[in-house]
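Undergrad: This is a predicted model, with the sequence first.
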There are 2 protein chains.
Amino acid sequence: MPYFDAASAAPLHPVARQALLAALDEGWADPARLYKEGRRARLLLDAARQAAAEAVGCRADELVFTSSGTRAVHTGVAGALAGRRRVGHHLIVSAVEHSSVLHSAEVHEAAGGTVGRVAVDRHGAVSPGSYAAALGPDTALACLQSANHEVGTEQPVAEVAEVCRAAGVPLLVDAAQSLGWGPVGGDWSLLTASAHKWGGPSGTGLLVVRKGVRFAPPGPADERESGRAAGFENLPAIVAAAASLRAVRAEAAAEAVRLRELTERIRARVPELVPDVEVVGDPVHRLPGIVTFSCLYVDGESLLHELDREGFSVSSGSSCTSSTLTPSHVLRAMGVLSEGNVRVSLPAGTAAEDVERFLSVLPGVVAGVREKLGVAAQAPGAGPREAAGGRAGAGEGARAGEGARAGELVLDTLGRRCPIPVIELAKVIGDVPVGGTVRVLSDDGAARLDIPAWCEMRGQEYVGEEPADEGSAYVVRRVS
Amino acid sequence: MPYFDAASAAPLHPVARQALLAALDEGWADPARLYKEGRRARLLLDAARQAAAEAVGCRADELVFTSSGTRAVHTGVAGALAGRRRVGHHLIVSAVEHSSVLHSAEVHEAAGGTVGRVAVDRHGAVSPGSYAAALGPDTALACLQSANHEVGTEQPVAEVAEVCRAAGVPLLVDAAQSLGWGPVGGDWSLLTASAHKWGGPSGTGLLVVRKGVRFAPPGPADERESGRAAGFENLPAIVAAAASLRAVRAEAAAEAVRLRELTERIRARVPELVPDVEVVGDPVHRLPGIVTFSCLYVDGESLLHELDREGFSVSSGSSCTSSTLTPSHVLRAMGVLSEGNVRVSLPAGTAAEDVERFLSVLPGVVAGVREKLGVAAQAPGAGPREAAGGRAGAGEGARAGEGARAGELVLDTLGRRCPIPVIELAKVIGDVPVGGTVRVLSDDGAARLDIPAWCEMRGQEYVGEEPADEGSAYVVRRVS
């Protein structure tokens, strides 16, 4: 059954499994001890550190193993900020960082620091110029991911590192999504990664702090891992992580070409096969295995559920699927549609037939979910009237009641969740004349993102958001 | 080759290995995801939590898995202190806690909190009365280990928990050394443990926070493990930890009897076989597998090295073996000899023959180290003159020079490390008349512990420590 969520966790690489098994027998003792079991463990730890450092492109004594990528980020950000607290308390992050970076930034703010969040373009990429503009004399640290975990867009890390270097500010690169594909170029100062993203075991991340970078590890003192990762070393996992990184790298060039063809096929075919779809993320500067798209008039949770029933395990940044009810901060920062969002992230070794089967199944799945929501199927590229469908039920919540302005239709979707507000909007847009407006009342946060995105996709004009008694009013002008 | 350092890390239990292997195949996916691989991982995680909670004696929703026992302690202490910051900022710990607790206390002090350190008796045990006396209206948290990691002494946890409960103060129990043997009794509030101490894998600890205990997890927010253990769950290790805890518990009662006999044999035989040995730790209230003793006139590092050559892997709290140059804080708090310290901690399944072989090898090893240091062999219980041995070289550093008082001999051991100061003291004590004193000048921290301990063992009077131009002067009066 195809598992297409490698960006969450990749299945264990066979080399990781072998190395883990061997290290369970040889590497359970305390590497700080001087007796033979301890010395053997120390040798394994040293060898793993050397191998990982070679893959990263750093010195072995710059790299420590942490208990997860998240932990590496938490320690890296806090340690670099503390190390440079005399310089200042300003932290710069991109708006599309992993939650571990953003949550670190929130803690920094709560402790009195300041945070600058660098915007991204519609593909999810930052520009080096934005970082240059954000850097100030009190900037202690800047953070940038090597590539985005939700849409696969690669960031201009080397250029941003140069900008930071010129300003004397260390750059921390979260390389969780890319390290399996290759080293991170450029003159960065700190780097974090997570083994289970490249096919290594869970329970291991890595944190690199270049020599010369001021660093004060947070939390209670601990002598393990140069004082940067408290707790007994998880040696079997560390050994497996290093061995699998080396193995994955050996296969990376060829596998990248293969996976890129498969995701390119998804990028090209999905909009042809499924009406009202937006493929998001940079079409060129992107990771080989990730492709993300959003489907109008669909809730992500139902879509994932139906795909799971068909045997496909995918993820979503859509508001409706995760435990939280806000849309993905990444899609929001990009200003793209969040509803019906699907992230396909192919693990190494994904078979082409599995991708073909996904493409053959997807249109029916999307149509099925839309049908349940009262949206009729339509051909891609059709106009708004056709897109609305199910006109019989349209306008239930629409009224030209009290407070409504001339030539304006008020659509009350209060209390209704994504994707209903957009579905209702599509149903009634044809009821106002060209030049007239629809005023959508909604208290669902996803509407803030999805109504403008719908306008962009359907060629209508998004006038703006206004405060309302409850929730917000989103005003849309019919253009065509 | 006998491995006698289970208190550092126990070899992997066969059940842990089996469970780990199974979970590598079934439990690599993200348990937060809704697709089948995620649901399967969630089921494994839930089952592991239930099993571990049963073994601890708590509700499943009170227990989270951390990346190590150290991490559990760091989070537990910081979270409980933060949760009760409105009550006060006073923390109580015993003087013989694990370094993870003591380092947490140091961080708390550095942040402006206060710490009370409860003294122990000569066996290493606290008294409930001492905790009662230490508790104040501003006490936010008290910590007490279930049993000591260096000497095996069990603490009166249930009684201390009662005292804390009466004062309305939560008690955190570090159960790292004892959880494999059985649940911790009494009405404690928080509990921490480490899987690799009971034969589980490294990379997993557990933190229990009883319902109703105010708790504010430190560090950046993270939705994993109820927000108490950031980072992707190390599910294979968690599954293996829970399975092995259950397996170890099933064998615990019988194995405890067996190991207790073996350690009792070591306790009894070592002082008979080796001269000038002090067995430390409570003779009755102690863990089944740990026995600790210290040998006069020996440095721990050489002793461990020679035992390793003979095939025995043991540990030491001795100043001379670890990376730091201060003697173990545990031995110091107990006021017992630290030099030539050996901790034997038997893993489950240790063969009686291995213990016998250890007993047959030990006397020769100690004698060999003493010989290299210029200390002649002697029969146990012999007087100080005989203990000194090698009289030809005695008094090299001894002088009755300037500044020396009447009837006093000054022994300059500045720049010389443990166990030399004590060896030299033993050599010269016979040179002063009964009633006279030897003034030992030393800048080795271990002397502060070992000279009084030597006096206690040899029936001489320890007068006290005085400041000196360099290091300290330790004054000893010859009594016999």
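TA: In hand now; what should we look at?
Undergrad: If you count residues, where's the longest helix of chain A?
TA: Among the elements of type helix in chain A, defined by DSSP state H, the one spanning the most residues is helix A:235-273.
Undergrad: quick one: terminal-to-terminal distance for stretch A:7-16?
TA: The separation between the terminal residues of stretch A:7-16, taken as Cα to Cα, to the nearest Å, is 18 Å.
Undergrad: any idea of the angle the longest helix of chain A forms with helix B:235-273?
TA: Here the directions of helix A:235-273 and helix B:235-273 differ by 180 degrees (axes from the mean of the first three to the mean of the last three Cα atoms, to 10 degrees).
Undergrad: Show me what helix A:235-273 is packed against.
TA: Counting by 3 or more Cβ pairs under 8 Å, 6 or more residues apart in numbering or on different chains; DSSP states H and E, the packing neighbours recorded for helix A:235-273 are helix A:14-26, helix A:36-56, strand A:277-280, strand A:290-295, helix A:352-372. (C-beta placed from N, C-alpha, C; glycine too.)
Undergrad: other SSEs contacting the third one?
TA: Counting by 3+ Cβ pairs under 8 Å, 6+ apart, the packing neighbours recorded for strand A:277-280 are helix A:235-273, strand A:290-295.
Undergrad: what does that strand rub up against?
TA: Residues outside strand A:277-280 that contact it (Cβ atoms under 8 Å, 6 or more residues apart in numbering or on different chains) are A:123-124, A:151, A:267, A:270-271, A:291-296, A:331, A:334, A:336-337, A:366, A:380, A:453, A:457.
Undergrad: Try it again at 6 Å.
TA: Identification of contacts with strand A:277-280 by Cβ atoms under 6 Å, 6 or more residues apart in numbering or on different chains yields A:151, A:267, A:270-271, A:292-295, A:336-337, A:457.
Undergrad: export these to JSON lines and tack on neighbour count and pLDDT?
TA: Converted to JSON lines, those look like this (neighbours: other Cβ atoms under 10 Å in any protein chain shown; pLDDT from 0 to 100):
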{"residue": "A:Val151", "neighbour count": "30", "pLDDT": "96"}
{"residue": "A:Arg267", "neighbour count": "18", "pLDDT": "97"}
{"residue": "A:Val270", "neighbour count": "22", "pLDDT": "97"}
{"residue": "A:Pro271", "neighbour count": "16", "pLDDT": "96"}
{"residue": "A:Thr292", "neighbour count": "33", "pLDDT": "96"}
{"residue": "A:Phe293", "neighbour count": "23", "pLDDT": "96"}
{"residue": "A:Ser294", "neighbour count": "31", "pLDDT": "93"}
{"residue": "A:Cys295", "neighbour count": "26", "pLDDT": "93"}
{"residue": "A:Val336", "neighbour count": "27", "pLDDT": "91"}
{"residue": "A:Leu337", "neighbour count": "29", "pLDDT": "89"}
{"residue": "A:Met457", "neighbour count": "17", "pLDDT": "88"}
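Undergrad: For A:Glu37, state which of those residues is nearest.
TA: Within those, proximity to A:Glu37 (Cβ to Cβ) peaks at A:Val151, which comes in at 46.7 Å.
Undergrad: Which residues of the stretch 251-400 of chain A lie near chain B?
TA: Where the stretch 251-400 of chain A comes near chain B, counting by Cβ under 6 Å from any Cβ of the partner chain, the residues are A:308, A:313.
Undergrad: distance between the longest helix of chain A and the chain's centre?
TA: 17 Å (Cα atoms, centre = their mean, to the nearest Å).
Undergrad: Next, the angle helix A:14-26 makes with that helix.
TA: Using the same axes, to 10 degrees: helix A:235-273 against helix A:14-26 is 160 degrees.
Undergrad: Name the stretch among the helices and strands packed on strand A:277-280 that sits most buried.
TA: Comparing those on average neighbours per residue, with mean count of other Cβ atoms under 10 Å in any protein chain shown, the densest one is strand A:290-295 at a mean of 28.
Undergrad: For the very next helix or strand once past it, list the C-alpha coordinates in PDB.
TA: Of the helices and strands lying after strand A:290-295 in sequence (DSSP states H and E), the nearest is helix A:300-309. Only the C-alpha atoms of helix A:300-309 are listed here, as PDB (Å, rounded to 0.1, in the frame of the first residue of the first chain):
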ATOM      1  CA  GLY A 300      -8.800  18.100   3.500                       C
ATOM      2  CA  GLU A 301      -9.900  15.600   6.200                       C
ATOM      3  CA  SER A 302     -12.400  13.900   4.000                       C
ATOM      4  CA  LEU A 303     -10.000  13.800   1.100                       C
ATOM      5  CA  LEU A 304      -7.300  12.200   3.200                       C
ATOM      6  CA  HIS A 305      -9.700   9.700   4.600                       C
ATOM      7  CA  GLU A 306     -10.900   8.700   1.200                       C
ATOM      8  CA  LEU A 307      -7.300   8.400  -0.100                       C
ATOM      9  CA  ASP A 308      -6.500   6.300   2.900                       C
ATOM     10  CA  ARG A 309      -9.400   4.000   2.000                       C
END
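Undergrad: on contacts alone, who are the packing partners of helix A:300-309?
TA: Using 3 or more Cβ pairs under 6 Å, 6 or more residues apart in numbering or on different chains; DSSP states H and E as the contact criterion, the secondary-structure elements in contact with helix A:300-309 are helix A:352-372.
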